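here is my input; please provide its structure:
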Amino acid sequence: MPDPIGRETGLFWEFRRVIQPSSRTPAPPDAGAPHVKIRPVTRQSSITRIVRVAAVLFAALAPFAGSAWTAPLSLPTPTAPTPQDPSVRALEELLDLFDRTPGVTVAEVSGTSLTRGMVADRIRALPPIARAQPPKAVYQAALADLVQQRALAIKGRQLGLDQNPLIQGRLAMAGDHELAGAALRSMVPDQVSDAALQERYAAEYAGKPGPEEVRLRLIAAASQADAEEAIGKLKGGMEFAAAVRAFSRDPSKVNDGSVGFVSADRLPPELRNVAFALAAGQMTSYPIQYDGLWYILLVEGRRQGPTPSLQQVTLLLRQELLRDAAAAAMRQARAEVQVKDYGPTGAKPADQGPAQ
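Residues are numbered from 1 along each chain as shown. From the prediction side, this is the model:
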């Protein structure tokens with residue numbers, strides 16, 4: 001069945017990236033409790049090293065990645081700074097200044113300008129751990145990356161690569177992508193009315209039970225052998241808390257493996273499918289591999305979660321309304337153009353024979 005609103009296209013994912021949607025299910029009030037471990041990115045001694053490595057990988061792999069580069073990540077990065085961090089506030093102030101004066105030249109490379117707007121775009125593309133550094137270091141790293149990119153682009157023109165038909169096609173596609181994203185953002189309102197939020201809340205949440213939740217304890221062993229040994233000892237009568245202390249590498253170890261009540265959306269698929277298939281009191285009989293560790297799950301109880309308040313889901317509802325507006329904008333743009341589909345054989349050029 002065709003996808004009427006383009007959920008599988010790079011453009012749709014680009015809009016998802018711009019508005020940064022989060023999980024559909026809001027975090028409960030005890031969201032500060034330990035969660036299933038998502039292994040953090042190791043901090044490097046140099047932010048520039050992080051950026052340069054990322055830039056090299058992107059440049060090397062982008063021709064083969066297609067629209068996958070615009071797909072959102074499924075899990076958050078626990079090392080991402082919070083909006084309350086002073087470094088985040090200072091960086092946001094810097095970006096706001098750059099957004100208001102995007103045409104100001106901050107550097108030149110062989111006579112070509114690099115502007116504040118370019119630096120702001122590059123900063124926003126950095127990984128969260130890089131943006132958590134002092135603003136001056138973030139700025140310098142982003143500018144260094146832009147200088148390196150411009151230097152390579154100049155070298156590419158000197159080598160005549162900009163005359164390669166394949167490269168020209170990719171440059172045209174990149175231009176279309178940027179224009180499409182800009183058009184989409186201009187067609188979608190920045191603000192969602194309170195009335196629209198209230199209406200969506202009444203339709204989706206008010207008077208309805210919250211999501212099903214399981215009370216979960218877990219062991220995250222370093223290897224499959226350790227996990228199987230732990231399961232054997234648990235079946236032989238070992239207390240779960242003792243097995244947690246002996247084998248687990250998850251932060252929940254300090255709570256004897258307890259992560260409290262969690263909904264399905266707060267677990268990665270590898271663990272979610274197993275956890276919600278278990279009855280209260282049941283434990284997995286085999287280890288589950290996820291993110292380099294081997295998990296043993298124990299479900300201690302099940303419940304229907306409480307109905308979230310409007311305040312708890314306002315951000316999620318706002319993102320839903322924005323996605324709906326984006327889908328409508330894409331349908332409108334698609335309806336206003338004429339498309340001739342020639343199939344994989346292509347159209348026959350006027351000065352050539354039949355298409356091959």
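
from here on, just use CA atoms for contacts and neighbour counts.
Will do.

run through the helices of the stretch 151-300 of the chain in chain order.
Secondary structure of the stretch 151-300 of the chain (DSSP state H, counting those that start in this stretch): helices at 165-187, 194-204, 224-235, 240-247, 269-275.

show the pLDDT at residue 110.
You'll see residue 110 listed with a pLDDT of 95.

one more: residue 30?
So, for residue 30, pLDDT stands at 44.

re earlier: in a markdown table: the helices of the stretch 151-300 of the chain, plus distance to residue 261.
Shown next, in a markdown table, are the helices of the stretch 151-300 of the chain (distance: least, Cα to Cα, whole Å):
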| stretch | distance to residue 261 |
| --- | --- |
| helix 165-187 | 38 |
| helix 194-204 | 22 |
| helix 224-235 | 22 |
| helix 240-247 | 17 |
| helix 269-275 | 11 |
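
all strands for the chain, in order.
105-109, 112-115, 212-221, 258-263, 288-290, 293-304 (DSSP state E).

right, so these: which one is the most enclosed?
strand 212-221 (a mean of 24; mean count of other Cα atoms under 10 Å).

neighbouring contacts of that one?
Outside strand 212-221, the residues that touch it by Cα atoms under 8 Å, 6 or more residues apart in numbering are 227, 243-244, 247-250, 252-253, 256-264, 275-276, 293-305.

so, low pLDDT: which residues of the stretch 151-300 of the chain?
190-191 (pLDDT under 70).

can you pull the buried residues of stretch 235-247?
Residues of stretch 235-247 classed as buried by neighbour count (16 or more other Cα atoms under 10 Å): 240, 241, 243, 244, 247.

residues contacting that stretch, please?
218-222, 226-227, 230, 233-234, 253, 256-257.

next, format those residues as a markdown table and append distance to residue 169.
Listed next are these as a markdown table, based on distance: Cα to Cα, whole Å:
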| residue | distance to residue 169 |
| --- | --- |
| 218 | 51 |
| 219 | 51 |
| 220 | 48 |
| 221 | 49 |
| 222 | 47 |
| 226 | 52 |
| 227 | 51 |
| 230 | 56 |
| 233 | 61 |
| 234 | 60 |
| 253 | 53 |
| 256 | 57 |
| 257 | 53 |
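
so which of the residues you listed comes closest to residue 157?
residue 222 (49.8 Å; Cα to Cα).

contacting residues around that closest one?
Neighbouring residues of residue 222 by Cα under 8 Å, 6+ apart: 247, 248, 249, 292, 293, 294.

likewise for residue 101?
By Cα under 8 Å, 6+ apart, the contact list for residue 101 reads 116, 117.

okay but residue 168 is in contact with residue 174, surely?
No. Look at residue 168 against residue 174 with Cα atoms under 8 Å: they stay out of range, at 9.8 Å.

enumerate every residue touching residue 114.
The contact partners of residue 114, taken as Cα under 8 Å, 6+ apart, are 105, 106, 107, 108, 146, 147.

now with 6 Å?
The contact partners of residue 114, by Cα atoms under 6 Å, 6 or more residues apart in numbering, come to 105, 106, 107, 108.

which helix of this structure spans the most residues?
helix 310-335 (DSSP state H).

can you list the domain ranges for the protein.
Using automatic domain parsing, the domain parsing of the chain gives 42-187, 212-304.

and the shortest one, how far from the chain's centre?
Just to be clear, that refers to domain 212-304. 26 Å (Cα atoms, centre = their mean, to the nearest Å).

ok, stretch 154-173 next?
Put simply, stretch 154-173 sits 30 Å off its chain's centre (Cα atoms, centre = their mean).

with stretch 144-158 instead?
28 Å.

go on, stretch 334-346?
On Cα atoms, centre = their mean, the centre of stretch 334-346 falls 32 Å from the chain's centre.

distance between the ends of that stretch?
Terminal residues of stretch 334-346 lie 21 Å apart, using Cα to Cα, to the nearest Å.

again with stretch 188-206
Terminal residues of stretch 188-206 are spaced 27 Å apart (Cα to Cα).

among the strands of the chain, which comes closest to residue 184?
Nearest of the strands of the chain to residue 184, taken as Cα to Cα: strand 112-115 at 23.6 Å.

quick check: mean pLDDT of the longest helix of the chain?
For helix 310-335, mean pLDDT is 89.

that one to helix 194-204, inter-axis angle?
100 degrees (axes from the mean of the first three to the mean of the last three Cα atoms, to 10 degrees).

run a quick neighbour tally on the nearest residue to residue 131 once chain neighbours are set aside.
In this structure, residue 131 finds its nearest non-sequential neighbour in residue 138, 6.2 Å apart by Cα to Cα, 6 or more residues apart in numbering. Neighbourhood size, residue 138 [other Cα atoms under 10 Å]: 22.
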